[in-house]
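*Asks:* Pasting a predicted model and its sequence here:
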Amino acid sequence: MAVRLDSPDALEVICFPLHSATISECRRRMEELVKAGVRAIVPRGRSMVGGVRVLGKGHASVVFLADTVFGLKAVKVRRTDSKRMSLVGEAELLSLASRHRLAPRPYAWGRDFIVMDYLEGTLLGDVDPQRLGGSGARKLLAALLGKAYVLDLIGVDHGELSRPHRHVMLVGLEPFFLDFESASTSRRPNNLTSLASALLVKPSRLSSSLRRAAGLEGLGVDEIVEALRAYKKNPGPSSLRNLLLLLLSHPNQ
């Protein structure tokens, strides 16, 4: 059942943690969300805030599902004890990335909130590449690196793709990047190299499973690192093509 924004349970979510907020701040946040088109919280997700299920709860924000004038959307609210001063910069980068189908589209935002698309999919860390089969795993790998390349092209450095497990959502086999809290246009973009290193070079459950599923177990890490160095030195279509040829034309496939 949806939770009205003026209810005590909703205020715990909007002003989490409540002990760090004033009554006037909570009232202001509620009024701003209403003006932005948010009608009610729809309880859903793995995390709990008070008695309400939410999509996520981190060190800087809480994300919940909401009934809005735009339809069913995700709403990110800044924690009242967050060191971040505003979500406006993140919303603007989301807006830029979403034009290229790289991220959820934001519909409304302010200092303390972002109303954006709710992606119904699977976090990359919850995917078992073995279930995709060889062809599916290779398609996923190509899609991940392709979108990271586009993010490089538009000049946005995500900042967290060396830890992609909770920062990439798959809708089918199409990846979208989440959580642009650390993103910046003032740094040199390293999205493709960071993501490829996490998926193919650094030891992890995901990397070993993806390499095995994609038939890359016989491909040396040194060869991948060399291709990534070439891309980093000259981040263009030819370097990307050489990397993909190395990965997707390996003889073990």
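*Replies:* Done, it's in.
*Asks:* Mind giving me the packing neighbours of the top helix by length along the chain?
*Replies:* Counting residues, the longest helix found in the chain (DSSP state H) is helix 133-153. Contacts defined by 3 or more C-beta pairs under 8 Å, 6 or more residues apart in numbering; DSSP states H and E place helix 133-153 against strand 174-177, helix 191-196, helix 205-213, helix 237-248. To be clear about C-beta, it is placed using only N, CA and C from the backbone, and glycine gets the same treatment.
*Asks:* let's see 10 Å
*Replies:* helix 88-98, strand 168-171, strand 174-177, helix 191-196, helix 205-213, helix 221-233, helix 237-248 (3 or more C-beta pairs under 10 Å, 6 or more residues apart in numbering; DSSP states H and E).
*Asks:* for it, what is the average pLDDT?
*Replies:* In this model, helix 133-153 has an average pLDDT of 96.
*Asks:* Under the pLDDT cut-off, which ranges of the protein? List them.
*Replies:* 250-253 (pLDDT under 70).
*Asks:* who's in contact with the residue nearest the centre of the chain?
*Replies:* Nearest residue to the geometric centre of the chain (C-alpha atoms, centre = their mean): residue 178, 1.3 Å. Contacts for residue 178 (C-beta atoms under 10 Å, 6 or more residues apart in numbering) come out as 56, 63, 74, 76, 94, 103-104, 116, 119, 123-124, 158, 160, 164, 166-169.
*Asks:* quick one: which of the residues you listed sit in strands?
*Replies:* 56, 63, 74, 76, 116, 123, 168, 169 (DSSP state E).
*Asks:* Give me the neighbour count for the fourth one.
*Replies:* Which is residue 76. 27 (other C-beta atoms under 10 Å).
*Asks:* That one and residue 181, how far apart?
*Replies:* Noted for residue 76: a distance of 9 Å to residue 181, by C-beta to C-beta, to the nearest Å.
*Asks:* Need the residues touching each of those two.
*Replies:* Joint contacts of residue 76 and residue 181 (C-beta under 10 Å, 6+ apart) are 58, 60, 61, 87, 90.
*Asks:* Put the buried members of these into a ChimeraX selection.
*Replies:* Applying 16 or more other C-beta atoms under 10 Å to those leaves a buried subset, and the ChimeraX line that selects it is:
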select :60,61,87,90
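*Asks:* Just put the shared contacts of residue 76 and residue 181 in TSV and tack on distance to residue 210.
*Replies:* Below are the shared contacts of residue 76 and residue 181 laid out as TSV (distance: C-beta to C-beta, whole Å):
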residue	distance to residue 210
58	25
60	29
61	29
87	32
90	28
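*Asks:* And the shared contacts of residue 76 and residue 181, which is closest to residue 198?
*Replies:* Residue 198 lies nearest to residue 58 out of the shared contacts of residue 76 and residue 181, by C-beta to C-beta, at 19.2 Å.
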